[in-house]
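> sequence unknown, structure follows:
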């Protein structure tokens, strides 16, 4: 949470940065993983360094060294974190001659590019792949043999519609408070429409019916999906959720581009796609895998939406506060209600 705040504070005033990461801090899975000795929050912290540095910090050699070390460590903790590598490389080479002019942004973070940047991130990527190769040699696969049958038995195509639906649920205050941006700015509107169509296509194309055998269980969203109809293996709730999530993601990216933070918006989208691709290769799609990364993405998307003297800070404040209240309710229901009930029963 402190890392998420530190990177958000690069764009926002410190108190507003606290507010945008508050939903992440209040999430039941982040709190639960803080109570128990688990690797989830360590994994998320290392991911935050790699992604946050790529989004908000100039890719200078010494900083890229830190990013590379975090990337290696993240894969040592969770091998699936290999998904961070492509985005980190893109962020490091974006300022290279011949590449910068073709990018849809001109950001000061890409100034002063030197081949040393490429060398630093390449060293980290090679070390990451090298350690992963050692694990494959020792285990005979990408996960330890004990977990191979449980996590490496195939792909789970429901990941993309599920993550988009979760994003729609958690980010829903943003389009409500930013509706004027949608009405006044054609580019924001176009992005929202495109995102809506992409989300609808994903929801219709990929099977998403919940089920224990398919690794689609656990958490409030899968539970709710179990009470709604399935059509041809597609959960109606997740089809609608993916459509709404795509529209919200497109709208938010449009606002980020309008705010002059196109570099951060493109990289954030690229990291999100890499994340979805990696987790599609996991047979299990538990909600605890998705809640913290989705909320981290929302926090940093709000930070990237910041625009000087535009009134956007007030909207970010309202949206972040509403998201925080939502997570507080979830935490109360998931973590503290059982404790209170058990105490009363005792």
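Here it is on my side, so go on. Since we're looking at a predicted model, the values are computed, not measured. Numbers count the residues shown, from 1 in each chain.
> pretty sure residue 47 contacts residue 87?
No: Residue 47 lies out of contact with residue 87 (C-beta atoms under 8 Å); the separation is 10.5 Å. Bear in mind the C-beta positions are built from the backbone N, C-alpha and C, glycine included.
> would you confirm that residue 117 contacts residue 90?
No: counting by C-beta under 8 Å, residue 117 does not reach residue 90; the two are 11.9 Å apart.
> more crowded one of those two?
residue 117 (23 against 18; other C-beta atoms under 10 Å).
> so what's the more buried one up against?
By C-beta atoms under 8 Å, 6 or more residues apart in numbering, the contact set of residue 117 is 59-61, 64, 92-93, 95-96.
> residue 304 touches residue 11, doesn't it?
Yes: using C-beta under 8 Å, residue 304 is in contact with residue 11, at 6.6 Å.
> overlap in contacts of these two?
Counting by C-beta under 8 Å, 6+ apart, the residues touching both residue 304 and residue 11 are residue 261.
> and the one helix or strand residue 21 maps to, what does it pack onto?
Per DSSP states H and E, residue 21 falls inside helix 14-26. On a contact count with 3 or more C-beta pairs under 8 Å, 6 or more residues apart in numbering; DSSP states H and E, helix 14-26 meets helix 2-8, helix 291-304, helix 312-331.
> what would those helices look like in CSV with mean pLDDT and distance to residue 196?
Shown next, in CSV, are the helices and strands packed on helix 14-26 (pLDDT from 0 to 100; distance: least, C-beta to C-beta, whole Å):
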stretch, mean pLDDT, distance to residue 196
helix 2-8, 97, 27
helix 291-304, 97, 17
helix 312-331, 93, 20
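> winner for burial among these?
Ranked by mean neighbour count, the helices and strands packed on helix 14-26 are led by helix 291-304 with a mean of 25 (mean count of other C-beta atoms under 10 Å).
> what angle separates it from helix 14-26?
Interaxial angle, helix 291-304 versus helix 14-26 (axes from the mean of the first three to the mean of the last three C-alpha atoms, to 10 degrees): 160 degrees.
> would you say residue 237 is within a strand?
No: read with DSSP: H, G, I helix; E, B strand; the rest coil, residue 237 is helix and lies in no strand.
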